[in-house]
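**Student:** Just need the structure, nothing else, for what follows:
(chains A and B)
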Number of protein chains: 2
Amino acid sequence: MSQPVPTLKQLCKLDPRDHPSLANIIDSELAAKTMPAGALGQVQLLARELTLNRGQWPDQSRPPAGAIVVFAADHGLAQAGVSAYPQEVTWQMVLNFLQGGAAISVLADTHNLALRIVDAGVNHQFADHHLLIKSKVAFGSNNCVNGSALDPTQVDQCLAAGATVVDNLLADHALDWIGFGEMGIGNTSIASLMLSALLGLDLDSLIGRGTGLDDAQLAHKRRVLKQVQQLHLHCWQTAPNPTQIAIHLGGLEIVMMAGAMLRCAQHRKTVVVDGFISTAACALALAWQPNLKPFLIASHCSAEAGHRHALAALALQPLLELDLRLGEGTGAAMAMPILASAFNLLSRMATFKGAKVSERKTQ
Amino acid sequence: MSQPVPTLKQLCKLDPRDHPSLANIIDSELAAKTMPAGALGQVQLLARELTLNRGQWPDQSRPPAGAIVVFAADHGLAQAGVSAYPQEVTWQMVLNFLQGGAAISVLADTHNLALRIVDAGVNHQFADHHLLIKSKVAFGSNNCVNGSALDPTQVDQCLAAGATVVDNLLADHALDWIGFGEMGIGNTSIASLMLSALLGLDLDSLIGRGTGLDDAQLAHKRRVLKQVQQLHLHCWQTAPNPTQIAIHLGGLEIVMMAGAMLRCAQHRKTVVVDGFISTAACALALAWQPNLKPFLIASHCSAEAGHRHALAALALQPLLELDLRLGEGTGAAMAMPILASAFNLLSRMATFKGAKVSERKTQ
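**Tutor:** Below is the predicted model of the structure:
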């Protein structure tokens, strides 16, 4: 069997972002805008980052444009009773995404975002649909209570498929940023394990109620995850090894998303991180290629316990804090109008000189 | 001279919001949506408030729609050197709004919001423009260092004109919410004085750098505002009297905005509060009619010192926190896509039953 393309090595080709002359242009343009210095706060910092990611001035021939890609997969770990919902909800929600009834369907339509749903490894055979990308690597991951969630070939397949999703999406749409969401019963558990392994954070601080566990169920989840951690910890005890972490803890949708994020940055498009699981994917991608960092925008801090810790450890400042805990890319979709605001303010606001507005009094 | 219409008394006719059966419908609909209970956090609470304000289910025959109204006026107090910018910036920025070069112009266009600029009392004679509403009550307020900023007739005129602005806007556009912004060199000073008087908060805690005062200028602003406070304090020492506060401290754009907010609620439209000055206007309106409270949405908490205190005293929780300090309605405009998200999620998301998605496991 031939190696999936692109390979991890190819996906990690990403030079440090470096546009000093563009940065100077942005800064002097922002300083000349008809507003007190710095009055757009985080929004002008955002405009700067988005433009530096692009590597050139915003395209003014079309409105700013974004997309949401939702990666879906099932998890063997769900058999250990770590979720409040049965596993079939994963494929049922994929159909709901396709039929337009899910939160992300409504938000993508509301904010005019392209939407794609990727079957990375759902335990279900789907019919064709124009929004569905069939990239199934397996009918779910193995239960990591017993051994590795994925095998090394599956990790390679996920990364290559994630990259291809992004390549095809960008061939279909002129985009400035892509938001990365997910669906997969059991995946907050996988994300907690991966984030603990990748960032060296205490596992307990990263475990939350997911879709709504009660106290007894939460205690059970903690016990199960502690057991999984004990089983696999020896594989990266000296230093976090992202490939080993991906193999042992898995998450087909999480690994595929990490590949897609790396590819997105290679295309100089901003990566919009969604919630807790999306943050685990970006932590994995960052462990493979730290140069990804400036391309990441954290859309929101969710109500899932641990998201705040993970964002802080990654030095990502969220744009929104609305107590969301739904996943699907919903936080990313709700943040995208702010990204569009930032881009347009930079490219379209008048300067003091251009608008003949008096400047600050001299002291 | 006849009394301006509507009068304050007419503007204060607002029954407490009371729709228990609609509230039940919203709550059971939200509980049935294809998501874990409460997973949309603040956004589903927002959807509930917006719908209760409307008094009926969201209109699904058109997309949710909002507008921004920017009230502009000059302030006699600007002569006391409380701003980093010269007074002519007020009228120059009004022209910038009309020409499409200001931040709010760009944001209104980006998010498809209707925009109106109201000359409430700018020290300039404007030519006609399709976005400009000429409601000039005076060429600026009096300097409240020396006496009352407005006379009682001017307060009545402002309130009536604000109401008329809203009536006409709603005749032109089918809207769900209106955001209220402002422009007026010196108006953070007026807002600090009014908020202190209305809410009983320490004046010093409400004074900030406005458009960017340095330390010496800020110290000067503190001295001037303390002096103004001393001069007028006796007029409402026992209990805050909103009419006396409006007369003594004025702000033609602030009083007109308060009238517009009251009218907006009378039309059962949600009032989207912008920054520090917009918050002073809503505090004034609330002092006249506390039933306005549920109709208010705080779009953001600005970087202007004191905004956080004022919002907390009014029990308003801001949607965004992006360190904005520009006014103009920019925070309100950036929050409106979240309002549209909330409305559409409530009205368009599928239910578990409708989408055939399995519900939570029974314990």
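
**Student:** And for the closest residue to chain B within the stretch 51-200 of chain A, the neighbour number?
**Tutor:** Closest residue of the stretch 51-200 of chain A to chain B, Cβ to the nearest Cβ: residue A:101 (2.7 Å). (C-beta placed from N, C-alpha, C; glycine too.) For residue A:101, the tally of surrounding residues (other Cβ atoms under 10 Å in any protein chain shown) stands at 20.

**Student:** and if you look at the one 5 residues further on?
**Tutor:** By the measure other Cβ under 10 Å, the count of residues near residue A:106 is 22.

**Student:** same question, residue A:271
**Tutor:** Other residues near residue A:271 number 29, with proximity taken as other Cβ under 10 Å.

**Student:** tell me the contacts of it?
**Tutor:** With Cβ atoms under 8 Å, 6 or more residues apart in numbering or on different chains as the criterion, the residues that contact residue A:271 are A:177-178, A:180, A:261, A:264-265, A:282, A:292, A:295-297.

**Student:** Would you mind measuring from it to residue A:260?
**Tutor:** 9 Å (Cβ to Cβ, to the nearest Å).

**Student:** Overlap in contacts, these two.
**Tutor:** Counting by Cβ under 8 Å, 6+ apart, the common neighbours of residue A:271 and residue A:260 are A:178, A:180.

**Student:** per-residue confidence for residue A:1?
**Tutor:** pLDDT recorded at residue A:1 is 54.

**Student:** scratch that, residue A:162 is what I was asking about
**Tutor:** You'll see residue A:162 listed with a pLDDT of 98.

**Student:** Mind listing what's buried along the strand or helix carrying it?
**Tutor:** When elements are defined using DSSP states H and E, residue A:162 is found to belong to helix A:152-172. Within helix A:152-172, the residues that count as buried by 16 or more other Cβ atoms under 10 Å in any protein chain shown are A:154-167, A:169-170.

**Student:** now do stretch A:289-296
**Tutor:** By neighbour count with 16+ other Cβ under 10 Å, stretch A:289-296 contains the buried residues A:289, A:291-293, A:295-296.

**Student:** Show me the residue of the stretch 151-300 of chain A that gets nearest to chain B, please.
**Tutor:** Of all residues in the stretch 151-300 of chain A, the one sitting closest to chain B is residue A:211 (4.1 Å; Cβ to the nearest Cβ).

**Student:** wouldn't residue A:331 be in contact with residue A:275 here?
**Tutor:** Yes: in this structure residue A:331 lies within contact range of residue A:275 using Cβ atoms under 8 Å: 5.6 Å.

**Student:** Pick out whichever of the two has more residues nearby.
**Tutor:** A count of neighbours by other Cβ under 10 Å puts residue A:331 above the other of residue A:331 and residue A:275, at 33 against 30.

**Student:** Shouldn't the residue of the stretch 151-300 of chain A closest to chain B be within a strand?
**Tutor:** No: the assignment for residue A:211 by DSSP: H, G, I helix; E, B strand; the rest coil gives coil, which leaves it out of any strand.

**Student:** can you count the residues close to the residue lying closest to it once chain neighbours are set aside?
**Tutor:** Taking Cβ to Cβ, 6 or more residues apart in numbering or on different chains, and ignoring the residues beside it in sequence, residue A:211 has residue B:36 as its nearest neighbour in space, at 4.1 Å. By other Cβ under 10 Å, 19 other residues sit near residue B:36.

**Student:** Likewise for the one 3 residues further on?
**Tutor:** Here the neighbour count serves as a burial measure; for residue B:39 (other Cβ under 10 Å) it reads 23.

**Student:** now it, nearest residue through space, not along the chain?
**Tutor:** Nearest non-adjacent residue to residue B:39, counting by Cβ to Cβ, 6+ apart: residue A:326, 4.1 Å away.

**Student:** The one you found and residue B:195, how far apart?
**Tutor:** Taken as Cβ to Cβ, the spacing of residue A:326 relative to residue B:195 amounts to 37 Å.

**Student:** With just CA atoms, put the helix or strand where residue A:192 lies into PDB.
**Tutor:** In this assignment (DSSP H and E), residue A:192 forms part of helix A:187-199. Taking C-alpha atoms only, helix A:187-199 is exported to PDB below (Å, rounded to 0.1, in the frame of the first residue of the first chain):
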ATOM      1  CA  ASN A 187     -14.500  12.900  22.000                       C
ATOM      2  CA  THR A 188     -14.300  15.300  25.000                       C
ATOM      3  CA  SER A 189     -12.600  12.300  26.800                       C
ATOM      4  CA  ILE A 190     -10.100  11.800  24.000                       C
ATOM      5  CA  ALA A 191      -9.400  15.600  23.900                       C
ATOM      6  CA  SER A 192      -8.800  15.700  27.600                       C
ATOM      7  CA  LEU A 193      -6.300  12.800  27.400                       C
ATOM      8  CA  MET A 194      -4.500  14.300  24.400                       C
ATOM      9  CA  LEU A 195      -4.300  17.800  25.800                       C
ATOM     10  CA  SER A 196      -2.900  16.400  29.100                       C
ATOM     11  CA  ALA A 197      -0.300  14.400  27.200                       C
ATOM     12  CA  LEU A 198       0.600  17.300  24.700                       C
ATOM     13  CA  LEU A 199       0.600  20.200  27.200                       C
END
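
**Student:** Report the angle between the helix or strand where residue A:336 lies and helix B:330-348.
**Tutor:** Using DSSP H and E, residue A:336 maps to helix A:330-348. Orientation of helix A:330-348 against helix B:330-348 (axes from the mean of the first three to the mean of the last three Cα atoms, to 10 degrees) gives an angle of 140 degrees.

**Student:** what's the following helix or strand after helix A:330-348?
**Tutor:** helix A:352-355.

**Student:** Which positions in the stretch 151-300 of chain A make contact with chain B?
**Tutor:** For the stretch 151-300 of chain A, the residues in contact with chain B (Cβ under 8 Å from any Cβ of the partner chain) are A:211-212, A:214.

**Student:** quick revisit: for the residue nearest to residue A:211, give me phi and psi.
**Tutor:** phi -60, psi 150 (degrees, to the nearest 10).

**Student:** Check residue A:68 too.
**Tutor:** Here is the backbone geometry of residue A:68 (degrees, to the nearest 10): phi -120, psi 130.

**Student:** Show me what it is bridged to.
**Tutor:** Here residue A:68 shows beta-bridge partners residue A:115, residue A:179, assigned using DSSP bridges.

**Student:** what sits against it?
**Tutor:** Under the criterion of Cβ under 8 Å, 6+ apart, the contact list for residue A:68 reads A:104, A:107-108, A:113-116, A:178-181, A:329, A:332-333.

**Student:** Residue A:169 too?
**Tutor:** Contact criterion Cβ under 8 Å, 6+ apart gives A:67, A:69, A:114, A:116, A:175, A:178 as the residues in contact with residue A:169.

**Student:** Most neighbours out of those, which is it?
**Tutor:** residue A:178 leads these on contacts (other Cβ under 10 Å) with 29 neighbours.

**Student:** my read: it touches residue A:262, true?
**Tutor:** No: with contact defined as Cβ under 8 Å, residue A:178 does not count as touching residue A:262 (12.0 Å).

**Student:** Let me know the closest of the contacts of residue A:169 to residue A:234.
**Tutor:** Set against residue A:234, the nearest of the contacts of residue A:169 by Cβ to Cβ is residue A:69 (34.2 Å).

**Student:** Find the nearest non-adjacent residue to the closest one, please.
**Tutor:** In space, and not counting its chain neighbours, residue A:69 is closest to residue A:116: 4.9 Å by Cβ to Cβ, 6+ apart.

**Student:** now that neighbour: how far from residue A:126?
**Tutor:** Shown here: residue A:116 relative to residue A:126, a distance of 13 Å by Cβ to Cβ.

**Student:** Residue A:216 too?
**Tutor:** Distance, residue A:216 to residue A:126, by Cβ to Cβ: 35 Å.

**Student:** which one of the two has more residues nearby?
**Tutor:** The residue with more neighbours, out of residue A:216 and residue A:126 and counting by other Cβ under 10 Å, is residue A:126; that gives 16 against 9.

**Student:** Retrieve the pLDDT associated with that one.
**Tutor:** Predicted confidence (pLDDT) at residue A:126: the value is 98.

**Student:** That one: what's it in contact with?
**Tutor:** Here residue A:126 is in contact with A:91, A:94-95, A:119, A:132, A:134 (Cβ under 8 Å, 6+ apart).
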